[in-house]
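Chemist: starting from these lines, generate the structure:
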Amino acid sequence: MNSPKVSVVIPCYNVEKYLHQCLDSVINQTLTDLEIICVNDGSRDSTLSIIKEYEAKDSRIKVIDKPNGGYGESMNRGFDMATGEYIGIIESDDYADLDMFEKLYTCAKEHNLDAVKSGFYFYYSKGEERNVPNPIASRVASSRTFCPTADFKSDMELVEFFNIKPTIWSAIYRKDFVRQHNIRFNETPGASFQDTSFNFKVWSCAKRVRLMKECFLHYRQDNESSSINNPGKVYCVCDEYAEIQRFLDENPLLKGKLEPLMVRIKFDSYCWNYERLSEPLQAEFIRRLYDEFMSHKIDGTLQKKYFEWYKWARVHQILDNPDAYHRNFILEKNKPFITDAAAPSEFTKKNSGDPYTYNGLNGMPRNKISGGIQCIKDHGLGYTIKYAFKKIWWRVK
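Modeler: Next up is the predicted model:
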C-alpha cells in the first residue's frame, strides 16, 4: 500500500466549539490522498466524541487518545505515527482553505523541498467575521528555492528570515527530513509556544526551502484559551530558547554559525513576552532578560552585527539598568501618542559611543531621517537601502 502524500496532524484539547469547522476543512481538501491524525490530549469536553464521529465516517482519520500531556507531546505522538511523504499541521481552532495541501504539496514535489511555507489569515469570528491576509513573501521572494543557513548575503537578511512568524501550521515538512534530523517538539506543559524551537530547528537543518505568497490557513485570534491570550505563561518562551540552546549544543557545526543569530531573535521574543505581561510580571521578567543577556554579552554571543542600531541601543539600556528601563517603559506606555512631526529628537549618542540614549517606546525611532542616518553609520549605505525596501522583498502590504 502506497504512503499518503500528506499526513495532517491535528492536536486537540477542549475545542468542541471550533472542531467541526476545522475537521470539515481538512476532510474536504482537494488533495484527497491524506492521512489525518487527530491527537486528543485528555479533553474534558466533547472533543473526543466529535473526533470519533468523523473517524467512523472517514477511513483516512486516525485517533490518538491520551492523558493530558501538553502540545509538544501531542505533536510528537502525531509526527511519530505519520506515514505520509510530507507532514502538515492544522490546529483545531483554525481552518484551512480547501486547496491548501494540494498547493503546498505540488510546490514541495516540483522543487524537491524539505519544507514549504505559505502565508496565512488572521481570522476573527466574533462580531463581524474577518479574515486579514498576512502574506510572508512577495512574488519575487516566492520564486526561488534556498537554503536558510547558506544563501543569504548578509547577517541581517538571515535575522529577517528567521524572524518570520513561526506559523508551523502554514507549512508542510518532508517526513524523512524531520526524522533524519530528529526534529521534535519541546514537551513542556500545556500549549506554550512550542512552535518556537521546532521552527528554529527546521530552518537550521533544511537545505531546500520555498516561501509561497498565497495565504491558505485561517489563524483564529479570538479563542480565549489560546496561549497567545494567556499572560500567565511568563517563562514558557524561556523554555523554548533553552531547548534551542540544547539543540545547538548537540550540533556543534550549527552552533558555531547560528548561536549569535539565536541570541538576536531571542531578544525579540523576550521583548515581545515582556510587553504582553501585566506590570508586576514585567518587573519580574525584565530581571530574567537582564541575567540571560548579560551572560550572552560575557560569552561573546551577543553581537552587534545581528542587530538594527536601535535594538542594539535597547539591549544596552536593559543591561545598563533594567529597573530604570522598566520604569521608563511604563511611563512611556502611559503617555499620549506623539506624532513624528511633534516628536523631539530621541537618540543621542553617549560619549562612549555605544549604546544610544533612548526616550521612545519599544526602541523604535520616531524620527525617520535621523534613524536612517544612524543606520547608515552603523550598517552602511548598502544595508540601509536594502532595509528600506525589505517590505517590498519579504512582504506585500
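
Chemist: how about the helices in the stretch 51-200 of the chain?
Modeler: Here the stretch 51-200 of the chain has its helices, by DSSP state H, counting those that start in this stretch, at 71-81, 100-110, 155-162, 175-180, 195-205.

Chemist: how about TSV for the ones you listed, with mean pLDDT, mean neighbour count and distance to Ala141 added?
Modeler: Where you see a C-beta, it was placed from the backbone N, CA and C, and this is true even at glycine. Below are those laid out as TSV (pLDDT from 0 to 100; neighbours: other Cβ atoms under 10 Å; distance: least, Cβ to Cβ, whole Å):
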stretch	mean pLDDT	mean neighbour count	distance to Ala141
helix 71-81	98	21	28
helix 100-110	98	20	14
helix 155-162	95	19	10
helix 175-180	98	16	22
helix 195-205	98	23	15
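
Chemist: will you turn those helices into a markdown table that also has distance to Ser59?
Modeler: Conversion of these to a markdown table gives the following (distance: least, Cβ to Cβ, whole Å):
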| stretch | distance to Ser59 |
| --- | --- |
| helix 71-81 | 15 |
| helix 100-110 | 18 |
| helix 155-162 | 40 |
| helix 175-180 | 20 |
| helix 195-205 | 29 |
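
Chemist: out of these, which comes closest to Glu187?
Modeler: helix 71-81 (4.1 Å; Cβ to Cβ).

Chemist: distance from the chain centre to that closest one, please.
Modeler: Its chain's C-alpha centre and that of helix 71-81 lie 19 Å apart, by Cα atoms, centre = their mean, to the nearest Å.

Chemist: using CSV, list the CA coordinates for stretch 134-141.
Modeler: Output of stretch 134-141 as CSV, limited to C-alpha atoms (Å, rounded to 0.1, in the frame of the first residue of the first chain):
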residue,chain,number,x,y,z
ASN,A,134,-0.7,38.1,6.1
PRO,A,135,1.5,37.0,3.2
ILE,A,136,5.1,36.2,4.2
ALA,A,137,6.8,36.7,0.8
SER,A,138,6.5,38.8,-2.3
ARG,A,139,6.1,37.4,-5.8
VAL,A,140,9.9,37.8,-6.2
ALA,A,141,10.9,36.1,-3.0
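
Chemist: I'd like the distance between the residue nearest the centre of the chain and Phe200.
Modeler: Nearest to the mean C-alpha position of the chain, by Cα atoms, centre = their mean, lies Pro166 at 2.3 Å. Distance, Pro166 to Phe200, by Cβ to Cβ, to the nearest Å: 8 Å.

Chemist: with Ala141 instead?
Modeler: 20 Å.

Chemist: for Asp222, same thing?
Modeler: 28 Å.

Chemist: pLDDT weak spots in this structure?
Modeler: 1, 223-232, 335-397 (pLDDT under 70).

Chemist: strands along that one, start to end?
Modeler: Per DSSP state E, the chain carries strands over the ranges 6-12, 34-41, 61-66, 86-89, 95-96, 115-124, 130-134, 171-174, 209-220, 347-349, 356-358.

Chemist: need these in JSON lines with distance to Gly72 and mean neighbour count, can you?
Modeler: What follows is the strands of the chain, written out as JSON lines (distance: least, Cβ to Cβ, whole Å; neighbours: other Cβ atoms under 10 Å):
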{"stretch": "strand 6-12", "distance to Gly72": "9", "mean neighbour count": "26"}
{"stretch": "strand 34-41", "distance to Gly72": "10", "mean neighbour count": "24"}
{"stretch": "strand 61-66", "distance to Gly72": "13", "mean neighbour count": "17"}
{"stretch": "strand 86-89", "distance to Gly72": "12", "mean neighbour count": "26"}
{"stretch": "strand 95-96", "distance to Gly72": "22", "mean neighbour count": "23"}
{"stretch": "strand 115-124", "distance to Gly72": "19", "mean neighbour count": "22"}
{"stretch": "strand 130-134", "distance to Gly72": "25", "mean neighbour count": "14"}
{"stretch": "strand 171-174", "distance to Gly72": "16", "mean neighbour count": "25"}
{"stretch": "strand 209-220", "distance to Gly72": "19", "mean neighbour count": "21"}
{"stretch": "strand 347-349", "distance to Gly72": "41", "mean neighbour count": "14"}
{"stretch": "strand 356-358", "distance to Gly72": "37", "mean neighbour count": "18"}
